[in-house]
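> Sharing a sequence plus its predicted fold:
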Amino acid sequence: MKISFFDIYEFLLYIIVILNLEVLNVISNLDNLAQTISVVLTFVVLLLYIFQKNKIIPKNFIVYFYLISIFIYLCFEIIRLHYFSFSGLNILNALSLEKNFFYILLTMPIFEILEKKKKIFLRNIIYIGLIVLVFRGVVWFLFNKFGINLMSGLFEVRGYNWTHGNGYVRLTGTFLDGLIFSFFGIEFFRTRLYKERLYYGIILLFLLFYSCVVYSSRSQLICYLITMLFIYIWNSKNKLHTILNCLLAIVLVLIILQLPVAKNFIASFSSNDATYGEGTLVRMLGTSFYQNEWQNNNILFGFGIAEDGNYVGNTQYFLSDLGIISYIFEFGIIGFILAVLPMLEGIRVGIKSIKTNDGLLLFSLSIYTMLSSFMSQNVYDYIRILIVPFILGIILFVKYQQINKGGFK
């Protein structure tokens, strides 16, 4: 059997995905090594894509505008470091920090694979991500309940002091969380078979459990629930019935909000909360600090590329705690607009094909990514940015299917 360029870069894409799911972190944190290998493989994949014959060239002005503009803008920000650096970075430091932006070059290869392999490739990626999440859950359970540390490198990424509320050491999710949740959420509502709905329901419950307990992320839980609501609304064939159900849900939510557990959950976002208040207060102070630096430098272009953590006295404020809002401060209004373009375009293109599985998947993934990015899980963080070329690739695929009347239903 003849092996084509396409087969090789499809295989390499799987490798890049697996490397960015932190599978190398067995005895130490090897994220930087995994990402460096992934960046090199990204250029290999791009070259293989360019030199393959009979490529499909999809049309979408916004995607191409974004791909060109984001790299031009990053070059501009790197050149600015020669004249001013907010956190003392030099150009080599900045290139190291921002190297994961090269993942965006995978957009066209991902589109090509979606077009030729359709749902097979996407399902494989989703199930790889799900298996990794289950394994991470097992690693978390064994460590926090029995003191057995199967992958010390996973815990080293954020440190053993990264606890929240319940006192357990937390593990983050992965860049595929939103895609996995959106995919199985759609399958749950669209199947009419009881066994399939039970299967998908169990997976969704696991994802909610991981978010609540393993990741201990209130913001991700909220994003999951809002995404599920959008999937339910758009999936319903009887819009009147859906509206009535939503009104009923609002009434139930108002009742639930009166319960002590709900009041405690809402109070946890307050800076006065005994358990979570310190973290909330640090975020508020960090926002004020970075906003002042932004306003004192350049509103349009921000204060430039900076390290994640910056000290003010003995207090360290993290840009990553601010979600995608940090991009307004770091890259200014222009950089922020560029950053949100993929999600906005994903929502727009997804709505136009909302009645198909691929359109609804694009829409719900874009909604989740937008929401989570504003709630401290910035999609451009090094652990999440690989989902961006997937969003862009799916945008191109859905747009292509709008023209050619297909889809990976």
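Now that the structure is in, tell me what you want to look at.

> My read is that residue 227 contacts residue 371, right?
Yes. Applying C-beta atoms under 8 Å as the test, residue 227 and residue 371 come out as touching, 7.2 Å apart. Where C-beta positions appear, they are placed from N, C-alpha and C, glycine not excepted.

> if I look at the closest residue to residue 59 other than its chain neighbours, how far off is residue 232?
Distance criterion C-beta to C-beta, 6 or more residues apart in numbering; nearest residue to residue 59, sequence neighbours excluded, is residue 399 at 6.9 Å. Plainly put, residue 399 is 25 Å away from residue 232 if you go by C-beta to C-beta, to the nearest Å.

> quick one, which of these two is more surrounded?
For residue 399 versus residue 232, neighbours defined as other C-beta atoms under 10 Å are more numerous around residue 399 (21 against 17).

> how close does the more buried one get to residue 338?
In terms of C-beta to C-beta, residue 399 sits 20 Å off from residue 338.

> What residues sit buried inside the host helix or strand of residue 67?
Element membership for residue 67 (DSSP states H and E) is helix 61-80. With burial defined by 16 or more other C-beta atoms under 10 Å, the residues of helix 61-80 counted as buried are 62, 63, 66, 67, 70, 73, 74, 77, 78, 80.

> ranges for the strands of the stretch 201-350 of the chain?
309-312, 315-318 (DSSP state E, counting those that start in this stretch).

> Just name the most buried of the ones you listed.
Mean neighbour count (mean count of other C-beta atoms under 10 Å) peaks for strand 315-318 among the strands of the stretch 201-350 of the chain, with a mean of 14.

> which residues make contact with that one from outside it?
The contact list for strand 315-318, computed with C-beta atoms under 8 Å, 6 or more residues apart in numbering, reads 282, 285, 286, 289, 290, 308, 309, 310, 311.

> And the furthest pair within those residues?
285 and 308 (15.9 Å; C-beta to C-beta).

> OK, contacts around residue 117?
Counted by C-beta under 8 Å, 6+ apart, residue 117 has contacts residue 10.

> on that earlier part again, just confirm the residue nearest to residue 59 is within a strand.
No. Read with DSSP: H, G, I helix; E, B strand; the rest coil, residue 399 is helix and lies in no strand.

> Tell me if I'm right that it and residue 60 touch.
Yes. Counting by C-beta under 8 Å, residue 399 does reach residue 60; the two are 5.1 Å apart.

> which neighbours do those two share?
residue 349.

> show me the contacts for residue 38.
Here residue 38 is in contact with 16, 19, 20, 100, 103, 386 (C-beta under 8 Å, 6+ apart).

> so what's residue 150 up against?
Contacts of residue 150 (C-beta under 8 Å, 6+ apart): 138, 139, 142, 143.

> What distance do you get for the first one to residue 181?
Okay, so that is residue 138. Using C-beta to C-beta, residue 138 is found at 20 Å from residue 181.

> Looking at the two, which one has more neighbours?
residue 181 (26 against 13).

> tell me which residues in whichever strand or helix holds the more buried one are buried?
With elements taken from DSSP H and E, the one containing residue 181 is helix 177-190. Within helix 177-190, the residues that count as buried by 16+ other C-beta under 10 Å are 177-189.

> list the helices and strands it packs on?
With contacts taken as 3 or more C-beta pairs under 8 Å, 6 or more residues apart in numbering; DSSP states H and E, helix 177-190 sits against helix 119-146, helix 194-209, helix 218-235, helix 357-374, helix 387-404.

> which of those helices is buried the deepest?
Using mean count of other C-beta under 10 Å, helix 357-374 ranks as the most buried of those, with a mean of 24.

> Run a quick neighbour tally on residue 108.
The local packing of residue 108 (other C-beta under 10 Å) involves 23 other residues.

> which outside residues touch stretch 394-407?
56, 58-60, 63, 107-108, 110-111, 114-115, 342, 345-346, 349-350, 352-353, 356-359, 361-362, 365, 408.

> which residues does the nearest residue to residue 382 once chain neighbours are set aside contact?
Spatial nearest neighbour of residue 382, excluding adjacent residues (C-beta to C-beta, 6+ apart): residue 100 at 4.9 Å. Residue 100 makes contact with 35, 38, 39, 382, 385, 386 under the criterion C-beta under 8 Å, 6+ apart.

> Please, which helix or strand holds the first one?
In this structure, residue 35 sits in helix 31-51 according to DSSP H and E.

> Report the mean confidence score over that helix.
Over the span of helix 31-51, the pLDDT mean works out to 94.

> Tabulate the contacts of residue 100 (JSON lines), appending distance to residue 92.
Shown next, in JSON lines, are the contacts of residue 100 (distance: C-beta to C-beta, whole Å):
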{"residue": "35", "distance to residue 92": "16"}
{"residue": "38", "distance to residue 92": "19"}
{"residue": "39", "distance to residue 92": "15"}
{"residue": "382", "distance to residue 92": "17"}
{"residue": "385", "distance to residue 92": "20"}
{"residue": "386", "distance to residue 92": "23"}
